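Visitor: Predicted model, plus sequence, below.
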Amino acid sequence: MALELIKGNEAVAETALRVGLVSYFGYPITPQTELLEYLSARMPELGRAFVQAESELGAVNMVYGAACTGLRTMTSSSSPGISLMQEGISYMAGTEVPAVVVNVVRGGPGLGNIAPSQADYTQIVHGGGHGEYHLIVLAPASVQEAVDLTGLAFDLAEKYRMVVCLLMDGFLGQMMEPVELPEFKPVNLSAPSWAIGSENKDKKVILTSININPPAQEIFNVKMMTRWQEVEKNEVRYKGYYLEDAEYVVVGYGTAGRIALTSVRAAREKGIKIGLLRPITLAPYPVDVLNDLADKAKGFLVVEMNNGQMLDDVTSIVAKRAPIHFYGRMGGMVPYPDEISTAIEEMINSEPDVNRDARGVWLAKMRELVGTGA
Amino acid sequence: MLDTDVKILYERPLGFTETTTHYCPGCTHGVAHRLIAEVLQEMGELNNTIGVAPVGCAVFAYNYFAFDFVEAAHGRAPAMATGIKRTLPHKTVFTYQGDGDLASMGMGEIVAAAARGEQITVIFINNTNYGMTGGQMAPTTLPGQKTSSSPLGRDVETQGYPIRTAELISSLDGASYVVRRSLHDARNIRQAKKALRTAFEVQKQGMGFSFVELLSTCPTNWGMTPVNARLWLKDYMIPQYPIGDFKVSTAVEELAKGG
Amino acid sequence: MQSEIIISGFGGQGTLYAGQVYAYAAMDEGLHVTWIPSYGPEMRGGTANCTVVISDDEIGSPTALHPRAVIALNLPSLDKYEPLVAPGGYLIVNESMVNREPTRTDIHWVMVPANTIARELGNERAANMVLLGALEGNMKALPEGAVERALEAHTAKRLQKFVPMNIEALRRGAEFKA
């Protein structure tokens, strides 16, 4: 097994090439720019399409056009750019075309900063653009996982004719880890029969997201919801650590999830029976495993680099069967394992209360810790 | 029977489907559609063309043409066409956009596509208002012109000046062929067809970005009969938007002479 | 066993590169490793640091509040990280760029005149390798010679001519005992 030490952003770009990316359209924004820069050299070298667009709006609509050809296409950006891309993402969802969107999340709101964050969870997992649709959301926690999920993202996008979002953060984009990259596959230029310009179609193809008659739109939405049920049934992925005998469970994804792993191990060394559930697919969410854990766990600690956006999902699934605690950092701040260890201690030492206000308690502590700027 | 004397003077072009359009009586969209269908048929490109429809009155253009079509978000047709053309470089790709779509919402996309010299053809319908949403002021609305959102007439002091789009696009080095034509009478329609042919040939020969602005009427929102609308176009629009060639690259000049 | 190393200095002192060399060495020895730079506005001319974590198990956090080892290439880095080194850990200080010694007594520390040594070797830019040599010479988190082998294996062709000098820099640094 030949390993390469490579940055997350470049690993995603190289993997996309190797699994047959035909076209890439993007716009520079920190902290994802290495991805665009990497492909700006490699795509033309391989005779494939690369355009640095005039804006994220331009980029996502180029992806929309390319996605209509049924051939592998992607874009990448970071939070403010992803906000601009919501238009095209909604249109692609409404047109049932496959594409991969990488979001290397940074601190916000607004221009915010370029530090790592998970503040786009709600935007990506629960909507973002207008109308009702779902994205498949994959959240790697290591460079190797980013590589593996990049390949999976294209497969899932094509299988379900959906937009798949690889949800990273500045840490994962900038971090180097040894990875095994996939074999170089030739590009597939044989488009499916639903695609424009396809050699495999037998009639004129129209691709549009307009359904001017509400009954037709409703039928379309029922079809899309039914497809999403299939995705929920087939595509849930997560990784559990020390869950077999866990009395307490930490839930965290991506960078926050792997940082929590260090804290969970430290707690285990002290004899605390605690495990970690790290969702890999944020949509579809690993509901079943969390449901099972909720029946036996004495407490949950949700750890995020945001104000508790996944916390709301965990709260709704656990449904007052166990007390829930929360620890989050915001605005591009990344927790050290020591902070999560403290939160674990607090969970274990607190009176069990399934009605406790996890976010409220956390926020009061944050006001003390960092102040309110008042 | 006199069948030996029968001559076909008029028929549905092969590039059209057998669908009745939703356009208002007297609207020139139908004329523009027909010219495109005829040109692509004459070039033998019908099976090799992909169209990009706008948001606006032509949103359903894909129903009327017999080849592959996609429907873009408002103003983004040049970006979408870029994605298609870069992926399928041997296809003929064109956008069909109105003035709200292209000159307002999509000004960034059209300027960038032209500046890149994107190998696409853009057909720009200028009828000085937002037709689909009921005749609001457009970037192309004339000074003093009354619309549903400039009821006292466009006041340039507060509502700005109309944009001469073809002239603006012609200033970009990436654009190879940029012209304005009109659809208000038969002579101008014939000239418009010639320009469309040149524009598609430019793309076919890989000569760069081609852009044809077509002055068009909107009798319904202008509140005029079709005939009066055409007269109004001639008397009021042409002085503001002169017919002409604003950019013809040397290579395209040779092509036009040869053709 | 896990070790966290922070290498910190001014931009241009080769902090990120030194971290990468160490990360390659760990990777080649079959260990898990993460390398993460500080990135942001401070990249442009200010301080630069990276954190390397090596472990024989899947790595959780790629950063550490209390690292096992720190290389401080300048005074701001010494001031910032001296209090943070884990007790029993290692602090390697670039004597050429600071005006004081560490004051902690519960860690292993050593002063290394890295710029002076690098100049003697012919290129002041090798100071980072002198300090890396001092770190590994004391901490010994990797098998003997791993860093030297990584330099040989992962240096770009056009820079191979600097490898012997860098290896000499590692060896000179390793002579300084904390």
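Guide: That came through, no problem.

Visitor: Contact partners for the most centrally placed residue in chain C?
Guide: In chain C, the centroid-proximal residue (C-alpha atoms, centre = their mean) is C:L132; its distance is 4.1 Å. Contacts for C:L132 (C-beta atoms under 8 Å, 6 or more residues apart in numbering or on different chains) come out as C:7, C:18, C:21-22, C:71, C:147, C:170, C:173. Quick note: C-beta positions are derived from backbone N, CA and C, even for glycine.

Visitor: top of these by neighbour count?
Guide: Highest neighbour count within the contacts of C:L132: C:I7, with 33 neighbours (other C-beta atoms under 10 Å in any protein chain shown).

Visitor: my guess is that one meets C:L73, correct?
Guide: Yes: using C-beta atoms under 8 Å, C:I7 makes contact with C:L73 at a distance of 7.4 Å.

Visitor: Quick check: neighbours shared by those two?
Guide: Common neighbours of C:I7 and C:L73 (criterion: C-beta under 8 Å, 6+ apart): C:15, C:128, C:131.

Visitor: How about stretch A:265-281 and chain C, any contact?
Guide: Yes: counting by C-beta under 8 Å from any C-beta of the partner chain, chain C is contacted by stretch A:265-281 at A:R265.

Visitor: List the buried residues in that stretch.
Guide: Residues A:265-268, A:272, A:274-281 are the ones in stretch A:265-281 that count as buried (16 or more other C-beta atoms under 10 Å in any protein chain shown).

Visitor: just to revisit the earlier point, tell me how far the residue nearest to the centre of chain C lies from C:A174.
Guide: Between C:L132 and C:A174 the computed distance is 9 Å (C-beta to C-beta, to the nearest Å).

Visitor: quick one on the thing from earlier: same list (the shared contacts of C:I7 and C:L73) but as JSON lines, adding pLDDT and distance to A:A343.
Guide: Output for those, formatted as JSON lines (pLDDT from 0 to 100; distance: C-beta to C-beta, whole Å):
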{"residue": "C:T15", "pLDDT": "95", "distance to A:A343": "32"}
{"residue": "C:N128", "pLDDT": "97", "distance to A:A343": "37"}
{"residue": "C:L131", "pLDDT": "98", "distance to A:A343": "36"}
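
Visitor: Report the closest residue of chain C relative to chain A.
Guide: Nearest to chain A in chain C, going by C-beta to the nearest C-beta, is C:G60, at a distance of 3.3 Å.

Visitor: OK, contacts around that residue?
Guide: A:258-265, A:337.

Visitor: returning to that earlier point: from the contacts of C:L132, which two are the most distant?
Guide: Maximum pairwise distance among these (C-beta to C-beta): 14.1 Å, between C:I7 and C:L170.

Visitor: what number of residues lie near B:E167?
Guide: When neighbours are counted by other C-beta under 10 Å, B:E167 registers 16.

Visitor: Hmm, it is touching B:K247, no?
Guide: No: B:E167 lies out of contact with B:K247 (C-beta under 8 Å); the separation is 9.2 Å.

Visitor: Overlap in contacts, these two.
Guide: With C-beta under 8 Å, 6+ apart, B:E167 and B:K247 have no common neighbours.

Visitor: what's around B:D235, how many residues?
Guide: Using other C-beta under 10 Å, B:D235 is surrounded by 10 other residues.

Visitor: and C:L159, backbone torsions?
Guide: Main-chain torsions, C:L159, degrees, to the nearest 10: phi -110, psi 0.

Visitor: per-residue pLDDT, it?
Guide: Reading off the confidence values, C:L159 has pLDDT 93.

Visitor: How about B:A256?
Guide: On the pLDDT scale, B:A256 is placed at 78.

Visitor: Not including adjacent chain positions, what is the nearest residue to it?
Guide: B:T198 (5.5 Å; C-beta to C-beta, 6 or more residues apart in numbering or on different chains).

Visitor: can you give me the mean pLDDT across the helix or strand where that neighbour lies?
Guide: For B:T198, the host element (DSSP states H and E) is helix B:186-204. The pLDDT scores in helix B:186-204 average 98.

Visitor: Buried residues of it, list them for me.
Guide: Under the neighbour-count criterion of 16+ other C-beta under 10 Å, helix B:186-204 has B:188-189, B:192-193, B:195-204 buried.

Visitor: Likewise for stretch C:105-115?
Guide: Under the neighbour-count criterion of 16+ other C-beta under 10 Å, stretch C:105-115 has C:107-115 buried.

Visitor: Same question for stretch C:120-129.
Guide: Neighbour counts using 16+ other C-beta under 10 Å place C:121, C:125-129 of stretch C:120-129 among the buried residues.

Visitor: got the contact list for C:S61?
Guide: A:258-259, A:261-263, A:336-337, C:53.

Visitor: quick check, nearest of those residues to chain B?
Guide: Nearest to chain B among the contacts of C:S61: A:R258, at 35.3 Å, using C-beta to the nearest C-beta.

Visitor: Okay, domains of chain A per the record?
Guide: With domains defined by automatic domain parsing, chain A comprises A:4-234, A:239-370.

Visitor: Now do the end-to-end distance for the last one.
Guide: Spelled out, it's domain A:239-370. 32 Å (C-alpha to C-alpha, to the nearest Å).

Visitor: Could you do stretch A:243-250 as well?
Guide: Using C-alpha to C-alpha, the end-to-end distance of stretch A:243-250 comes to 10 Å.

Visitor: How about stretch A:328-338?
Guide: One end of stretch A:328-338 to the other measures 13 Å (C-alpha to C-alpha).

Visitor: in it, what's buried?
Guide: Residues of stretch A:328-338 classed as buried by neighbour count (16+ other C-beta under 10 Å): A:328-332, A:334-337.

Visitor: Also stretch B:46-66?
Guide: Quick answer for stretch B:46-66 (16+ other C-beta under 10 Å): B:46, B:48-62, B:64-66.

Visitor: ok, how many other residues are close to A:F300?
Guide: 26.

Visitor: just the helices in the stretch 1-150 of chain A please.
Guide: Listed in chain order, the helices of the stretch 1-150 of chain A (DSSP state H, counting those that start in this stretch) span A:8-18, A:33-45, A:56-67, A:79-95, A:121-125, A:143-160.

Visitor: Kindly report the same for the stretch 1-150 of chain B.
Guide: Here the stretch 1-150 of chain B has its helices, by DSSP H, counting those that start in this stretch, at B:29-42, B:77-87, B:99-100, B:107-115.
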